[in-house]
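1. Provided below are the primary sequence and the corresponding predicted coordinates.
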Amino acid sequence: MVVMAAQTALQIEGPPAMHLDVLDLRNFYYRSQLGRAAQKVIRDQLKEMWPDAKGMTVAGFGFAVPLLRPYLGSARRVIGLMPAPQGVMPWPAGQPNVSVLCDDTLWPIATGALDRLVVLHGLETSDYPGALLDECYRVLGPGGRAVFIVPNRSGIWSRTDRTPFGYGRPYSMSQLEAQLRDHAFVTERAISTLYQPPSSHKMWRRVGALMERAGRHLPAFAAGGVLMVEATKQVPAPRKRGQAARVSRPLRVLEGLGAPEPTPAGRSLQG
């Protein structure tokens, strides 16, 4: 029974995704010129969406820690969640560790505890993206917001495996928004970014910033290597306890029947 249930879940979620190793991700984002450039572009876009997180609880899932550094000084708490198939590394360097190894769909976070959530290299590489989105929904509190960052199916970054964006399932914007909507998320903002090519050639590195500025004037989602969607959780409207359902046209079963006649005074009810 357990094996059959697991096989059914795999069929629903799709084929297994390829997980990246935490050491490869660290080397790309912190030790390569291309990775540092990509990190800066995505982090700057995130800071435009969320310029401040003062007093908030902020978490990142996948390998989102490079994007969380701007919030370390102002947020009430910052948490780096790293999936078990990927592995974990201590972060931030030189400070008390805030990263933790966890299951894709079972996070050590109380329900409704997060104000902000960033998912990078998490959704497209998860074997169970639907269950992962359910977990994202669970941990977000009222008014909480999440940013989902995935490879753009039509961008050139998803077409090469020389960067982490060439692994897993790339998305189109309509696919990403539909999947979020199916799991009770409402899209607030959607952008494309990372217009420079995924090349370490010196020429491309010199003009990378210029290409990012020019890319904002291209047709939406056409050429950017990465899609970023900011979403909020859709919370059903509460109903008062015992509230009766309103019937627009109630059925009157006893309509047409006469009113009961009063019993004559002094007459016995038994005849």
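-> That came through fine. Numbers count the residues shown, from 1 in each chain.
2. Could you give the separation of the biggest strand by length in the chain from the chain centroid?
-> In the chain, assigned by DSSP state E, the strand with the most residues is strand 140-151. In this view, strand 140-151 has its centroid 5 Å away from the chain centroid, taken as CA atoms, centre = their mean, to the nearest Å.
3. What pairs with that strand, parallel or antiparallel?
-> The pairing partners recorded for strand 140-151 under DSSP bridges are strand 114-120 (parallel), strand 226-233 (antiparallel).
4. thought residue 187 was touching residue 231?
-> Yes. Between residue 187 and residue 231 there is a contact under CB atoms under 8 Å: 5.4 Å. Just so you know, the C-beta spots here come from the backbone N, C-alpha and C atoms, and that holds for glycine as well.
5. you'd agree residue 132 is in a strand?
-> No. The assignment for residue 132, made by DSSP: H, G, I helix; E, B strand; the rest coil, is helix rather than a strand.
6. surely it meets residue 103?
-> No. Under the criterion of CB under 8 Å, residue 132 makes no contact with residue 103, lying 9.8 Å away.
7. Compare the two (neighbour count), which wins?
-> More crowded of residue 132 and residue 103, by other CB atoms under 10 Å: residue 132, with 24 against 15.
8. can you tell me how far the residue nearest to that one when sequence neighbours are not counted sits from residue 62?
-> Among residues not flanking residue 132 along the chain, residue 126 sits closest, at 4.7 Å (CB to CB, 6 or more residues apart in numbering). Distance from residue 126 to residue 62, counting by CB to CB, to the nearest Å: 9 Å.
9. which residues do these two both contact?
-> Common neighbours of residue 126 and residue 62, counting by CB atoms under 8 Å, 6 or more residues apart in numbering, are residue 83.
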